[in-house]
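# Output the structure for:
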Amino acid sequence: MTESKNDRILLIDDTRSIHEDFRKILGENRSTAGDSLKDAKAAFLGKLVSDSPGPELVFDIDSAYQGQEGLELLLTSLNEGRPYALAFVDVRMPPGWDGIQTIKNLWKADPNLQVVICTAYSDYSWSQTIAELGQTDRLLILKKPFDPIEIRQLACALTEKWNAARREYSLLKELRQSEAQARSYAASLQLLNEALTTSQASSERASDMKTEYLVQLSAKVNQNLSTILDRVEGGGHADGLEEIIDSSRHLMSALDKILDLAQLETGSLVLDPGACSIIDITRETVENRRSEAQSKGLELVLNLPGALPDSVECDAARFRQALDILLENSIQHTDSGKVCVELRMEPTADWQRSRLKLQIQDTGPGIPSELEGRLYEPFVSHGPHAGTGLGLTLSRQLARCMGGDVTHENAPGQGSVFTLSMQVGMVSGARLVGG
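Predicted structure coming up:
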């Protein structure tokens, strides 16, 4: 769902010159706001900056000179479906409501309104303001005399905050509205599962294995969908949102792997080689998995022995994907000890190419004998390390597509070592760096 950005601002102040100043800074008559924004950037960056060409952001400003008048404008905007994202409200506005009373009434009508209270006086201390309006992230204080840069920064930040909250609300609303479609899809998937489980084995062994895997994979997908539906039906989406997102991510990850494997099998996967830093990619991938390892009490170690080129030519995205799959697999199946990643480069007969050798060693239980013969074939695993069994299949296929392979050594009860090897092109001018 796409919504237009809301840049509507309500200004409530009993001084007309203030309204003129705000329009110069934020509105259609603004003549110096561009310079002010450049000054803000220069102050932030510590040097002069040159703006790229493009239109300046202009806000839609409505003016009210008393609190009651501001409330009427707010109610009208809500009835028309054109709410304000932000209001600037003066503290002293005799003879009517003061700023605190005005904000109370504005929030009764629209609790989502962001507010900046403008004051040069100490009518209300901050503690008194909080006591009157409550502790909230919808309120900021702007002290007079005003700084044009500060006004513009507040307007940009708070309208964007309002729009971000509206986008999040819309996503949750769409989630609730999609419940019926999700239930229908789950029912259809269940029918597919029943059809698969009752079908007769009438093809070659390879076809039988694929059929069996699809049945198990469908059950796995159905399990994730059921988790999502249970949370949606149970209400309290905020409490269950993390579980919904987690199940959805598992679902999307499995589907992405299936699509990649399908492209590999049909030969339609196109590599995109280019100059990249294998060292940086390996470090980033390891760091992205560090919190997962630490949550299990595992030590995650990266060794870079010997000199390595700072740039090589390969498909960086596919190398990162294959490495991440192997690293995730080792962490998932290791309950204590450590996982060690080691990166080396070995020469080949072709001086323009080298062999990258990346080993991941863990202290897990090793590979069960029943899986040893079909470790790189799709399967659905059960138990504490349950999964869809697509990762190792995909990592080996990706490595072979890049002119390499994935192999392993197994020591039952002591752990496993997976090795990703592949040829990479040497980049002219690349420097050797230490590990």
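# where in the stretch 1-150 of the chain is pLDDT low?
Regions of the stretch 1-150 of the chain meeting the criterion pLDDT under 70 cover residues 1-3, 28-57, 121-123.
# If we use 50, what do you get?
Residues of the stretch 1-150 of the chain meeting the criterion pLDDT under 50: 30-34, 36-37, 39-55.
# Tell me where it has helices.
For the stretch 1-150 of the chain, applying DSSP state H, counting those that start in this stretch gives helices covering 16-26, 33-45, 67-79, 99-109, 126-133, 148-177.
# which stretch among these comes nearest Gly434?
helix 33-45 (33.7 Å; CB to CB). C-betas here are computed from N, CA, C, even on glycine.
# Which parts of the protein are strands?
8-12, 60-64, 86-90, 114-119, 139-143, 274-276, 299-303, 308-309, 312-314, 338-347, 353-362, 405-411, 415-426, 432-433 (DSSP state E).
# now the ones you listed in CSV, with distance to Arg23 and mean neighbour count?
Shown next, in CSV, are those (distance: least, CB to CB, whole Å; neighbours: other CB atoms under 10 Å):
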stretch, distance to Arg23, mean neighbour count
strand 8-12, 9, 25
strand 60-64, 6, 19
strand 86-90, 12, 26
strand 114-119, 15, 21
strand 139-143, 16, 15
strand 274-276, 50, 16
strand 299-303, 56, 15
strand 308-309, 58, 20
strand 312-314, 56, 22
strand 338-347, 59, 18
strand 353-362, 61, 20
strand 405-411, 64, 16
strand 415-426, 59, 20
strand 432-433, 56, 12
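# Name the residues linked to Val424 by a beta bridge.
The partner list for Val424 in beta bridges (DSSP bridges) reads Ser354.
# Please tell me I have it right and it contacts Cys314.
Yes: using CB atoms under 8 Å, Val424 makes contact with Cys314 at a distance of 4.5 Å.
# Now for the two: what residues contact both?
Common neighbours of Val424 and Cys314, counting by CB atoms under 8 Å, 6 or more residues apart in numbering, are Ile278, Leu356.
# quick one on the thing from earlier: could you dump the helices of the stretch 1-150 of the chain into CSV with distance to Thr348 added?
As requested, those are exported to CSV (distance: least, CB to CB, whole Å):
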stretch, distance to Thr348
helix 16-26, 63
helix 33-45, 47
helix 67-79, 69
helix 99-109, 70
helix 126-133, 69
helix 148-177, 50
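# and the gap between Asn6 and Gly306?
Distance of Asn6 to Gly306, given as CB to CB, to the nearest Å: 57 Å.
# nearest to Lys161, of the strands of the chain?
strand 114-119 (6.2 Å).
# and the direction of that closest one versus that of helix 99-109, what angle?
Computed by axes from the mean of the first three to the mean of the last three CA atoms, to 10 degrees, the angle separating strand 114-119 from helix 99-109 equals 170 degrees.
# one step back: and Asn6 and Gly306? Which one has more around it.
Per other CB atoms under 10 Å, whichever of Asn6 and Gly306 has more neighbours is Asn6, with 17 against 12.
# Now the residue of the chain positioned farthest from its centre, what are its backbone angles?
Farthest-out residue of the chain from its mean C-alpha position, per CA atoms, centre = their mean: Pro95, at 49.9 Å. Backbone geometry at Pro95, expressed as degrees, to the nearest 10, gives phi -100, psi 0.
# can you offset everything so residue one is 128?
Done: numbering now begins at 128, and the last item shifts to Pro222.
# For it, which residues are in contact?
Pro222 neighbours (CB under 8 Å, 6+ apart): none.
# One more: Gln228?
Here Gln228 is in contact with Gly194 (CB under 8 Å, 6+ apart).
# what sits against the nearest residue to Phe186 once chain neighbours are set aside?
Nearest non-adjacent residue to Phe186, counting by CB to CB, 6 or more residues apart in numbering: Leu153, 4.4 Å away. For Leu153, the contacting residues are Ile136, Ala160, Val185, Phe186, Ile188, Ile278, Arg279, Ala282, by CB under 8 Å, 6+ apart.
# change it to 7 Å
Ile136, Ala160, Phe186, Ile188, Ile278, Arg279, Ala282 (CB atoms under 7 Å, 6 or more residues apart in numbering).
# What separation do you get for it and Gly433?
59 Å.
# before we move on, what about Ser543?
With CB to CB as the criterion, Ser543 and Gly433 are 24 Å apart.
# ditto for Lys270
From Lys270 to Gly433 the distance is 60 Å (CB to CB).
# cool, Glu469 as well?
When Glu469 is compared with Gly433 (using CB to CB), they lie 10 Å apart.
# likewise Gly500?
For Gly500 relative to Gly433 (CB to CB), the value is 35 Å.
# and this protein, what are its domains?
135-301, 305-393, 401-560 (automatic domain parsing).
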